[in-house]
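Enquirer: this is a predicted model, with the sequence first.
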Amino acid sequence: MPRTLKAFLCSGLFFLAFNTLLHGQQLAVKNVKFTQRADSKVIVTYDLMGSPSQKYLIELFLLTPDSEEKIPLSLMNLAGDVGMDVRAGKSKKIIWDLLQEFPQGLSGDDFVFKVEAVVQKGKSKKWPWITGGIAVAGGVAYYFLSRPKNSDLSTNFPNPPARP
């Protein structure tokens with residue numbers, strides 16, 4: 001295999017492996033805390049661990065006492081670091097207007113908030129994979145196209161068997 005082809009293929013494979021490591025950071029939501037203000041608005045704070053270049057979709061849920069039921073909270077009553085286009089970082093804040101969502105309030109005091117994050121779909125960063133794939137495909141094409149060609153192919157094939 002020519003030296004330039006090896007270098008080209010190796011750089012393409014290195015690029016793909018490096019890209020995988022860059023995007024392999026663990027997504028996690030940590031340190032979820034909340035406080036309720038006098039105006040019945042609830043402030044939920046959290047830390048979002050993940051790739052700083054990636055955007056995330058953040059959802060806020062209320063867990064009911066004595067159950068694992070998750071009540072999704074309406075984005076219309078939420079403000080701050082929630083919904084689409086949220087980037088990783090510490091001390092993220094969501095403001096929830098409790099009385100807009102539940103005009104009668106909530107009975108009980110042992111509710112828990114759950115913040116969930118998923119990698120945002122849509123404008124994904126596929127170009128590194130495409131570029132790496134093109135590099136590898138180009139190296140393979142170069143290898144096959146630059147091989148010495150056999151000028152007389154007819155001598156490589158046996159004669160067909162005679163028919164009776």
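Expert: Received it, and whenever you're ready, just let me know what you need. For clarity, every value in this text was computed on a predicted model and none was experimentally measured. Numbers count the residues shown, from 1 in each chain.
Enquirer: only C-alpha atoms for contact and neighbour calcs from this point on.
Expert: OK.
Enquirer: what bits of this structure have low per-residue confidence?
Expert: Applying pLDDT under 70 to the chain picks out residues 1-25, 65, 122-158, 164.
Enquirer: in the chain, which spans are strands?
Expert: With strands called from DSSP state E, the chain shows them at 28-36, 41-49, 55-63, 70-72, 78-80, 83-87, 89-97, 112-119.
Enquirer: got CSV for the ones you listed, with mean neighbour count and distance to Pro103 too?
Expert: Output for these, formatted as CSV (neighbours: other CA atoms under 10 Å; distance: least, CA to CA, whole Å):
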stretch, mean neighbour count, distance to Pro103
strand 28-36, 14, 15
strand 41-49, 20, 12
strand 55-63, 19, 16
strand 70-72, 13, 16
strand 78-80, 17, 15
strand 83-87, 17, 23
strand 89-97, 18, 10
strand 112-119, 17, 19
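Enquirer: export those strands to CSV and tack on distance to Ala162?
Expert: Formatted as CSV, these follow (distance: least, CA to CA, whole Å):
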stretch, distance to Ala162
strand 28-36, 73
strand 41-49, 74
strand 55-63, 70
strand 70-72, 79
strand 78-80, 84
strand 83-87, 73
strand 89-97, 78
strand 112-119, 66
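Enquirer: Leu106 is nearest to which of those strands?
Expert: Of all these, strand 55-63 sits nearest to Leu106, with 11.0 Å by CA to CA.
Enquirer: the closest one pairs with which strands?
Expert: Take DSSP bridges as the rule and strand 55-63 pairs in its sheet with strand 70-72 (antiparallel), strand 83-87 (antiparallel), strand 112-119 (antiparallel).
Enquirer: walk me through the domains of the protein.
Expert: Domains of the chain are assigned by automatic domain parsing as 3-22+125-147, 28-119.
Enquirer: out of the strands of the chain, flag the one nearest Asn159.
Expert: So among these, strand 112-119 is nearest, using CA to CA, at 61.5 Å.
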